[in-house]
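> sequence and predicted model, in that order:
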Amino acid sequence: MLDRPLVAGVVNVTPDSFSDGGQTLEPAAAIAHARALMDEGADLIDIGAESSRPGADGVSAEQELSRLMPVLDGLSSSPVPISIDTTKPEVMRAVIGAGAAMINDIGALRSPGALEAVAASGAAVCLMHMQGEPRTMQQSPSYDDVVAEVRAFLAERVAAAEAQGIARERIVIDPGFGFGKTVAHNFELLRNLHRLAEMGLPVMAGWSRKSTLGAITGRGAGERLAGSIAAALLAVQHGATIVRVHDVAATRDALAVLAAMDGLGGRGKR
Ligand code: 8Y7
């Protein structure tokens with residue numbers, strides 16, 4: 001098992017995140033950003049080309065691949081494993097063929113053919129819970145018992161993955177903070193994250209810059225670093241093994257302080 005939490009750095013390769021770049025600049029900017037996050041100490045780089053923010057529209061597999069493949073090629077000699085955020089089986093197959101170590105699927109491999117695409121490879125997978133779909137998920141999130149429902153969903157998806165031949169050793173679970181959840185739902189899941197960790201699989205938690213932090217602090221998307229750090233620490237204290245963040249260096253410093261308190265050594269221990 002891991003002796004310290006891992007930090008996954010977020011890299012977006014979407015036109016709206018690099019709006020000043022043309023077709024050829026976008027991959028270059030994404031590659032440079034990924035390298036910078038590696039230098040900051042990222043254990044994993046999660047690259048996404050389909051905006052999954054609330055209200056976002058989808059993109060075609062061709063569009064996704066035209067954005068992702070040059071970035072993967074540019075990072076092919078990098079030592080840090082690459083995760084690709086996608087829900088499409090054709091994208092999964094292509095990026096795994098190009099060296100991606102993990103598929104991060106906000107749809108938990110529910111797209112037809114997605115289980116098979118991952119099973120046919122040796123790649124790891126992150127199975128994330130989402131209520132509804134990105135375009136509409138924040139309209140009226142509703143649960144009787146959010147923790148029990150998220151846990152049952154993830155257990156079902158883990159069982160489906162294992163039945164398809166994906167070994168447990170390859171699976172990470174994630175409650176999907178902000179994906180069809182109110183502020184209260186997100187905090188109830190955070191407080192009870194240990195109940196997901198009890199499933200015996202690594203838990204990923206993504207709070208970085210999310211709107212729930214804006215609701216708590218009153219801060220805009222660009223001003224949520226302190227809130228993001230606090231949430232990442234709380235997630236690790238409540239059982240998260242991987243935190244998905246935009247600000248890798250700051251998160252690593254905060255986790256080093258936590259590790260020092262827990263007696264596991266600081267950032268020297270990698
Ligand atoms: C998460 C995620 C996003 C998350 C996992 C954002 C792609 C929204 N959030 N994947 N993706 N977990 N596994 O604000 O929380 O970063 S996109």
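Yep, that arrived. No experiment lies behind these values; they were computed from the predicted model shown.
> count of neighbours near Asp253?
Counted by other C-beta atoms under 10 Å, the residues lying close to Asp253 total 15. The C-beta positions use only the backbone N, C-alpha and C, and glycine is treated the same way.
> state the pLDDT value of it.
Residue-level confidence at Asp253 comes out at 98, pLDDT.
> which ones are touching the residue in the stretch 101-250 of the chain positioned nearest to the ligand?
Scanning the stretch 101-250 of the chain for proximity to the ligand using C-beta to the nearest ligand atom identifies Gly206 as nearest, at 2.3 Å. Applying C-beta atoms under 8 Å, 6 or more residues apart in numbering to Gly206 gives the contacts 174, 176-178, 243-245.
> just checking: which of those residues also lie near the ligand?
Residues of these in contact with the ligand (C-beta under 6 Å from any ligand atom): 174, 176-177, 244.
> widest-spaced pair of these?
Farthest-apart pair in these is Gly176 and Arg244; separation 10.8 Å (C-beta to C-beta).
> quick check, pLDDT for Arg267.
Looking at Arg267, its pLDDT is 47.
> name the residue closest to the centre of this protein, please.
Centroid-nearest residue in the chain: Arg244, 5.1 Å away (criterion: C-alpha atoms, centre = their mean).
> secondary structure class for it?
The local conformation at Arg244, judged by DSSP: H, G, I helix; E, B strand; the rest coil, is strand.
> quick one: Asp46 is in a helix?
No - counting by three-state DSSP, Asp46 is located in no helix; its state is strand.
> tell me, how many residues neighbour it?
If you count neighbours by other C-beta under 10 Å, Asp46 ends up with 24.
> please name the residues that touch the nearest residue to it once chain neighbours are set aside.
Nearest residue to Asp46, sequence neighbours excluded (C-beta to C-beta, 6 or more residues apart in numbering): Ser83, at 4.4 Å. By C-beta under 8 Å, 6+ apart, Ser83 lies in contact with 8, 44-47, 100-104, 124, 126.
> partners of the strand or helix carrying Ser83 in the sheet?
Using DSSP states H and E, Ser83 falls within strand 82-85. As defined by DSSP bridges, the strand partners of strand 82-85 come to strand 44-48 (parallel), strand 102-105 (parallel).
> so can I have JSON lines of those showing mean pLDDT?
Shown next, in JSON lines, are the strands paired with strand 82-85 (pLDDT from 0 to 100):
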{"stretch": "strand 44-48", "mean pLDDT": "97"}
{"stretch": "strand 102-105", "mean pLDDT": "98"}
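> of all the ones you listed, which lies closest to Met69?
strand 44-48 (10.8 Å).
> narrow the ones next to the ligand among the contacts of Gly206 to those in helices?
Per DSSP state H, helices hold no members of the ones next to the ligand among the contacts of Gly206.
> I'd like these written out as TSV, with distance to Thr136 added.
TSV is the format used below for the ones next to the ligand among the contacts of Gly206 (distance: C-beta to C-beta, whole Å):
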residue	distance to Thr136
Asp174	20
Gly176	15
Phe177	18
Arg244	23
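> from these, which land in strands?
The members of the ones next to the ligand among the contacts of Gly206 that map onto strands under DSSP state E are 174, 244.
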